[in-house]
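Participant: sequence isn't available, so here's the structure alone:
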């Protein structure tokens with residue numbers, strides 16, 4: 001079940017508020033959005049585990065942030081930024097193909113564990129506001145046959 005947990009206009013103290021860099025390369029704007037997302041999630045009590053985890057090979061994926069919530073749940077976070085809400089905005093840009101790649105990358109990441117922790121997939125959008133969508137999609141749907 002999708003749940004918007006938090007929506008915030010102001011960034012945590014010490015960070016610039018408002019949209020991420022208006023100029024610069026796509027990579028710079030993406031890094032700025034990830035920096036804001038990371039600071040936001042830390043302020044919400046999550047602990048960083050990994051950043052920009054990539055799987056090898058074609059068709060692999062990248063997980064922007066891997067966090068752990070206070071209850072011990074491993075949270076795979078996709079950070080999305082859009083300059084405009086046209087075409088559904090940032091949240092709508094997490095397509096089924098993108099979700100499949102995130103699930104694949106998470107599966108590869110979890111292979112290192114002997115006991116699997118509780119996990120979920122969140123989406124954090126950075127537009128005019130920061131919106132945190134907890135449990136944005138379910139990985140089980142990709143394993144049904």
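Facilitator: Structure's in. What do you need? Note that this is a predicted model, so its numbers are computed, not measured. Numbers count the residues shown, from 1 in each chain.
Participant: what about residue 113, neighbour count?
Facilitator: Neighbour count for residue 113, taken as other Cβ atoms under 10 Å: 9. For the C-beta atoms, the positions are set from N, CA and C on the backbone; glycine is no exception.
Participant: part of a strand, is it?
Facilitator: No. Following the definition DSSP: H, G, I helix; E, B strand; the rest coil, residue 113 is coil and is not counted among the residues of a strand.
Participant: state the distance from it to residue 46.
Facilitator: When Cβ to Cβ, to the nearest Å is the yardstick, residue 113 and residue 46 sit 19 Å from each other.
Participant: counting contacts, what elements does the longest helix that the chain contains pack onto?
Facilitator: Identified as the longest helix of the chain according to DSSP state H is helix 26-43. Taking 3 or more Cβ pairs under 8 Å, 6 or more residues apart in numbering; DSSP states H and E as the contact definition, the neighbouring helices and strands of helix 26-43 are strand 47-54, strand 62-68, strand 74-81, strand 119-126, strand 130-137.
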